[in-house]
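[1] No letters, just coordinates:
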């Protein structure tokens, strides 16, 4: 029973992080937190990825340990691939999932950097046209 609860917990945690990484930039009050979430995700995928493989996620690692103890086998390297396969009822190409994931992540990374560092400046009156605004 404890392993099943841990599996549900990790699934919910994954869904919250993925959802927030994809949409957290929308709400101005959450943009700073979104930026940090993107940094942590990038750090895990790229820095920890040096030792554990590109795209490494400790949450996936922990969840796969739980799923293995629950008897699941042949788990993919990515939670997103696992979820896409479960939702579609078929095996979707891992490279397609990786490309969609990477493009989505790059897009929200540019958005969060723009909204946190460039848009904020121009709306504060700091920037090229600040003399005109006053």
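    That came through, no problem. Fair warning: this is a prediction, and the values are worked out from it, not measured in the lab.

[2] Residue 109 contacts residue 39, correct?
    No: using C-beta atoms under 8 Å, residue 109 is not in contact with residue 39, being 9.1 Å away. C-beta here means a position set from N, CA and C on the backbone, and glycine is covered the same way.

[3] So those two - more neighbours on which side?
    Using other C-beta atoms under 10 Å, the more surrounded residue of residue 109 and residue 39 is residue 109, with 17 against 12.

[4] So what touches stretch 83-91?
    14, 76, 92, 97 (C-beta atoms under 8 Å, 6 or more residues apart in numbering).

[5] Tell me which two in those residues are the farthest apart.
    Maximum pairwise distance among the contacts of stretch 83-91 (C-beta to C-beta): 16.9 Å, between 14 and 92.

[6] Can you name the element that comes right after the host helix or strand of residue 6?
    With elements taken from DSSP states H and E, the one containing residue 6 is helix 2-23. Next along the chain after helix 2-23, taking DSSP H and E as the criterion, comes helix 31-42.

[7] elements contacting that following helix?
    On a contact count with 3 or more C-beta pairs under 8 Å, 6 or more residues apart in numbering; DSSP states H and E, helix 31-42 meets helix 2-23, helix 94-113.

[8] how far out from the middle of the chain is it?
    Chain-centre distance of helix 31-42: 9 Å, with C-alpha atoms, centre = their mean, to the nearest Å.

[9] Now do that helix against helix 94-113, angle only.
    150 degrees (axes from the mean of the first three to the mean of the last three C-alpha atoms, to 10 degrees).

[10] And helix 31-42, what's buried?
    Within helix 31-42, the residues that qualify as buried by neighbour count (16 or more other C-beta atoms under 10 Å) are 31, 34-35, 37-38, 41.

[11] next structured bit after that helix?
    Taking DSSP H and E, what comes next after helix 31-42 is helix 49-52.
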